[in-house]
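Build me a structure from this.
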Amino acid sequence: MATITLFTKEGCPWCDGAREYLKKTGLPFEEKEVLASPENMKEMIEKSSQTKAPTIEVDGQILADTDAEAIEKFLKEKELIPA
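Alright, predicted model coming up:
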């Protein structure tokens, strides 16, 4: 099973949409909120070279500053959900 991490910001509507989409897929994921956690922000910046959320990491591959539609496409490309 793929390891999925979703970096989010509290109050971000795109983050809310990405979180809800991932919940609907049934894929397990870890959410890391970055505004309240300097450690999570540092990790996101190190991995994605930017500060925008939502950012998703799937098995070490990053999709930065994204939304639910782009996440769906990304997961289909990784064959984690049906195309």
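
Tell me the bridge partners for the residue sitting nearest the centre point of the chain.
For the chain, the residue lying nearest the average C-alpha position, counting by CA atoms, centre = their mean, turns out to be residue 56 (2.4 Å). The bridge-partner assignment for residue 56, based on DSSP bridges, gives residue 6, residue 63.

show me what contacts it?
Contacts for residue 56 (CB atoms under 8 Å, 6 or more residues apart in numbering) come out as 4, 5, 6, 7, 18, 62, 63, 66, 71, 74. Where you see a C-beta, it was placed from the backbone N, CA and C, and this is true even at glycine.

surely the last one meets residue 55?
No: the pair residue 74 and residue 55 fails to qualify as a contact (CB atoms under 8 Å) at a distance of 11.3 Å.

any residues in contact with both of the two?
63, 66.

of these two, who's got more company?
For residue 74 against residue 55, the residue with the higher neighbour count under other CB atoms under 10 Å is residue 55, and the figures read 25 against 17.

What distance do you get for the more buried one to residue 83?
As for residue 55, its distance to residue 83 is 23 Å (criterion: CB to CB, to the nearest Å).
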